[in-house]
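# A structural model of the following input is requested.
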Amino acid sequence: MDLIDARLIDRLHGGMPLSERPYAEVAAELGLSESEVLARLHLLLADGTLTRFGPLFQIERAGGQFVLAAMGVPEADFDRVAAQVNALPEIAHNYRRDHALNMWFVVAAESPDLARQVCTRIEADTGLKVYAFPKEREFFVELRLSALDALRTAHDAPAQEVSHAAH
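Numbering: from 1, shown residues only. Next comes the predicted model:
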């Protein structure tokens, strides 16, 4: 990530212009071309610097439902079960945790009934119990971490010497 990428990330965090060509507007603000903004976003996603780029919706306003779900997956089966769960289009995130319930994921469904169906399907496909925790109340926590500040900190940090002991 370079300085331009960091400026782009900071600009996009928390808001996109609502216009016919939002990337062109962002590009103009940053002194870039629209195609450069798009190319940089594609590269940041491809190299894993960004894991997701897109809007966040209050799905309940459209009749949908988010469900945080967890499963206790035997270690030997974890990768297979993760692939089964992640293959479903309703799965938004999936994380491994060091806990008896070691797989946590988010179901984003068009309706509460579909959310229940997805959890039931996962149980049928995997043979494992899904513990579903539908969202009861929403809290807005706007955590903004500056990519520019992180980049500056990384560049200002003194190099750490690493010693290698002979075995």
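# what ranges do the strands span in the protein?
Listed in chain order, the strands of the chain (DSSP state E) span 65-71, 91-96, 103-109, 131-134.
# Tell me which strands the third one pairs with, and in which orientation.
Spelled out, it's strand 103-109. Strand 103-109 has the following sheet partners, assigned by DSSP bridges: strand 65-71 (antiparallel), strand 91-96 (antiparallel).
# So which bits of the longest helix along the chain are buried?
For the chain, the helix with the greatest residue count under DSSP state H is helix 112-126. Within helix 112-126, the residues that qualify as buried are 114-116, 118-119, 122, 126, counting by 16 or more other C-beta atoms under 10 Å. The C-beta positions use only the backbone N, C-alpha and C, and glycine is treated the same way.
# Tell me if I'm right that K135 and A69 touch.
No: counting by C-beta atoms under 8 Å, K135 stays clear of A69, with 11.5 Å between them.
# Tell me which of the two has more neighbours.
A69 (22 against 13; other C-beta atoms under 10 Å).
# Run through the bridge partners of that one.
Applying DSSP bridges, one finds that A69 bridges with F105, A132.
# Renumber starting at 19 from here on
Yes, from this point I'll number from 19; that puts the last item at A87.
# need the contact list for it.
Neighbour list for A87: 122-125, 137, 140, 148-151 [criterion: C-beta atoms under 8 Å, 6 or more residues apart in numbering].
# quick one: the helices in this protein?
For the chain, helices defined by DSSP H occupy the ranges 21-30, 40-48, 52-64, 96-104, 130-144, 165-174.
# ok, now how distant is the residue nearest to E54 when sequence neighbours are not counted from L62?
The shortest distance from E54 to any non-neighbouring residue, by C-beta to C-beta, 6 or more residues apart in numbering, is to A45 (6.7 Å). According to C-beta to C-beta, to the nearest Å, A45 stands 15 Å off from L62.
# what do you get for L50?
Using C-beta to C-beta, L50 is found at 14 Å from L62.
# joint contacts of those two?
L26.
# Can you get me a residue count around V159?
4.
# Need the residue closest to the centroid of the protein.
Centroid check for the chain by C-alpha atoms, centre = their mean gives R70 as the closest residue, at 4.7 Å.
# Who are the contact partners of the nearest residue to I27 once chain neighbours are set aside?
Using C-beta to C-beta, 6+ apart and skipping residues adjacent in sequence, the residue nearest I27 is A165, 4.0 Å away. By C-beta under 8 Å, 6+ apart, the residues touching A165 are 19, 23-25, 27-28, 31.
# can you rerun that using 7 Å?
Contacts here follow C-beta atoms under 7 Å, 6 or more residues apart in numbering; on that basis A165 touches 19, 24, 27-28.
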